[in-house]
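A.B. asks: kindly generate the corresponding structure for this input.
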Amino acid sequence: MTSKARENYDVVIVGASIAGCAAAIMYAQQGLRIALLDARSDIRAHKVLCTHHLQPCGAPILQRLGATEKLLALGMVETVPKFWTPWGMITPDAAENSPPPGFNVRRETLDPLLRQLANDYQNVDLLLGHRVSGLLTKNGTTAGVYGTEQGSAFTVEARLTVGADGKDSTVARSARCDSVSASNGRFSYFAQLSGLERPDGESSLSWFMDPDVAYLLPNDGGISVLVVFPALDKLGPFADDLSTAFLAYANALPGAPPVRREHIVGKIVGTKHFSTTLTDPVGNGFALIGDAAATNDPLWGIGCSWALETAQMLVDATAQMLTETTSHTLDSHRNVNAALTEYRSARASMTKHIDYMSGYAGGRKFTAIERLLISAATHDHDEAQRFYLFGSRLIPAEQYLSTRSVARAAQKHLRHCLRRRSVAGT
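C.D. replies: Numbers count the residues shown, from 1 in each chain. Okay, the predicted model is just below:
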C-alpha cells in the first residue's frame, strides 16, 4: 500500500485475529466492503498464550462463519469437560440430555483458517503488515485509521472503525476509551504435550482446587494442552526453575496422567500478572470487540468464544444500517452511532459475568454459596449441567447465582446428605 489514501470502505477492522476475522466475514456476507488490517505480515500468525478452547456459546457463530466442518477436518476436538473439585467430580455429560459441547483447537490451526476464510471474500481486503498508529477524524467523528507499512505511511478511510487489536488496543488507546482494570491473584503457565495418555479420551479435564485451577485439554494434531493457574504465593519455584516446577505441579494433580519432560513440545509459556480489563466498547464512529473490549481472566477459557460473540453482536447491530446507507454525510455518521448504541446494549449482557470473573481472578477461595452450588453439582445431574452452562456462558451469572437457583441447590444437597446419613445408619 502506498502513502495515498485508499478507496473508502464501509468498515475498517484493526486486528486480524478471531474477533477481527469473524467480523470481517459476517460483514462481507452482507455485501459490505471491508479492510482487515494486521500488524503481522504472515497469514499463518497465531496467538500463543491461550487455552485453545472454544466454549459452546461460540459454536453457532463458528458455524455461521463456515469454519466448523473445516476445523473438524483439521482435527478440532469436540468435548464436554469433567471437573475435579474438593467435594467430588462434576460430570455434566452423564445425564441423558447431554449439554452442548465446546471445541478444543490450537490457535495455530484456528487463526490462519479464519484469516484465509476472510481473505477468500472478494469484498474483504486483507492488509497484512499494516501497523496502525492512530485514528483519522472527519467532522468530529472517527473516519478510519492511519499508520505505516514497510516504512511507508498509509491511511484507510471507512464509515465504521473497529478495534479488534487485543488487550493493548491501539484503537482504544487512540480514542482514550474509559476502562476499568483489576489485578490477578493467580499466575498461569501453558504447555503443549505430545504422546500423553489421555485417561478420559476426548474429555477435557478441569481441576478446581480452591483457589488453584488447572486444565488438561485434548487438541488437534495429537496435542494436549495443559494449563495451570496457581495462586501467586506459589510463584517462587516457577520463577526459579520453570520446567521442574511445572512438571511437579502437573504430576500432583489428582487423577492426572503422568507428565514427563519429553512430553513437552516447544516452550512452556505463561504470564505472572495478567490483569483483567473492561473497556467502554463504543465511541464516536468506532467500536471495540474481543480482547480490545474486555480482557478476561484466561482461567475460564472464554476469550475465544467472546471474541466471536462480540463480533456477531456488532455486525448484527450495524450491518443493516451500513448496507442501507452508503454516504459519508453527517446523517450517516449519526446512523452509525445509533447502531453502535445497540451494540453497547447487547454487549452489556456480558457485564455481570465479567464482574464475576474479575472478582474471582483476585485469587480468592470459593464462597459458601459457591461451595454449595459446586457440592450439589457433584451428585445431581441437573446441577452439574447448570454448573457447566454457567461456566460456558450459556446461562448468565445472575441466573446461576440467583436466590432461586441457590435455594434449589441447597434442597438437593440437603436431601443428598440425609440419604447418605440414612444409609450410613443402616
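
A.B. asks: for the one helix or strand S224 maps to, give the mean pLDDT please.
C.D. replies: Using DSSP states H and E, S224 falls within strand 223-229. For strand 223-229, mean pLDDT is 96.

A.B. asks: quick one: contacts of that strand?
C.D. replies: 51-52, 104, 106, 186-194, 196, 198, 212-219, 246, 249-250, 259, 265, 298-299 (C-beta atoms under 8 Å, 6 or more residues apart in numbering). To be clear about C-beta, it is placed using only N, CA and C from the backbone, and glycine gets the same treatment.

A.B. asks: next structured bit after that strand?
C.D. replies: Taking DSSP H and E, what comes next after strand 223-229 is helix 235-240.

A.B. asks: helices or strands up against that following helix?
C.D. replies: Judged by 3 or more C-beta pairs under 8 Å, 6 or more residues apart in numbering; DSSP states H and E, the packing partners of helix 235-240 are helix 242-251.

A.B. asks: give me the contact list for the helix it packs on.
C.D. replies: By C-beta under 8 Å, 6+ apart, the residues outside helix 242-251 that reach it are 189, 191, 214, 226, 228, 230, 234, 237-238, 256, 258-261, 264, 268.

A.B. asks: so which of the contacts of strand 223-229 are in strands?
C.D. replies: Within the contacts of strand 223-229, residues falling in strands by DSSP state E are 104, 188-194, 213-218, 265.

A.B. asks: between these, which sits nearest L372?
C.D. replies: V213 (19.0 Å; C-beta to C-beta).

A.B. asks: count the residues that sit near the nearest residue to that closest one once chain neighbours are set aside.
C.D. replies: Of all residues not flanking V213 in the chain, F229 sits nearest, at 4.3 Å (C-beta to C-beta, 6 or more residues apart in numbering). Close neighbours of F229, defined as other C-beta atoms under 10 Å, add up to 26.

A.B. asks: repeat for L205
C.D. replies: L205 has 25 neighbours, counted by other C-beta under 10 Å.

A.B. asks: surely it meets Y215?
C.D. replies: Yes. The pair L205 / Y215 is scored as a contact, 7.0 Å apart, by C-beta atoms under 8 Å.

A.B. asks: overlap in contacts, those two.
C.D. replies: Common neighbours of L205 and Y215, counting by C-beta under 8 Å, 6+ apart, are P81.

A.B. asks: tell me the pLDDT at K4?
C.D. replies: For K4, the pLDDT comes out at 42.

A.B. asks: do A250 as well
C.D. replies: Looking at A250, its pLDDT reads 97.

A.B. asks: low-confidence ranges, this protein, go.
C.D. replies: Low-confidence segments of the chain, defined by pLDDT under 70, span residues 1-7, 95-96, 199-201, 326-332, 425-426.

A.B. asks: give me the residue at the spatial middle of it.
C.D. replies: Compute the mean C-alpha point of the chain, and by C-alpha atoms, centre = their mean the closest residue is G303, 1.0 Å away.

A.B. asks: not counting sequence-adjacent ones, nearest residue to that residue?
C.D. replies: Distances taken as C-beta to C-beta, 6+ apart place N296 nearest to G303, at 5.7 Å, with adjacent residues excluded.

A.B. asks: which ones are touching that neighbour?
C.D. replies: N296 makes contact with T276, I302, G303, W306, I354, M357, S358, according to C-beta under 8 Å, 6+ apart.

A.B. asks: ok, Y146 touching S133?
C.D. replies: Yes. Under the criterion of C-beta under 8 Å, Y146 makes contact with S133 at 6.0 Å.

A.B. asks: ok, those two, which is more surrounded?
C.D. replies: Applying other C-beta under 10 Å to Y146 and S133 shows that Y146 carries more neighbours, namely 17 against 12.

A.B. asks: let's verify Q122: helix, strand, or coil?
C.D. replies: coil (DSSP: H, G, I helix; E, B strand; the rest coil).

A.B. asks: burial count for it?
C.D. replies: The criterion is other C-beta under 10 Å. On that basis, Q122 has 8 neighbouring residues.

A.B. asks: same check, this time on A346
C.D. replies: Neighbours of A346 (other C-beta under 10 Å): 17.

A.B. asks: from N184, how far out is it?
C.D. replies: Computed as C-beta to C-beta, to the nearest Å, the A346 to N184 distance reads 27 Å.

A.B. asks: do L299 as well
C.D. replies: 9 Å.

A.B. asks: identify the contacts common to those two.
C.D. replies: With C-beta under 8 Å, 6+ apart, L299 and N184 have common neighbours A361.

A.B. asks: ranges for the helices of the protein?
C.D. replies: 18-29, 59-64, 68-73, 107-119, 170-175, 235-240, 242-251, 303-324, 330-347, 351-360, 368-377, 381-391, 397-400, 403-425 (DSSP state H).

A.B. asks: now do Y400 against N296, distance only.
C.D. replies: 17 Å.

A.B. asks: whoops, I mixed them up, I18
C.D. replies: 13 Å.

A.B. asks: tell me what angle the lengthiest strand in the chain forms with helix 303-324.
C.D. replies: Counting by DSSP E, the longest strand found in the chain is strand 152-163. Strand 152-163 runs at 100 degrees relative to helix 303-324, counting by axes from the mean of the first three to the mean of the last three C-alpha atoms, to 10 degrees.
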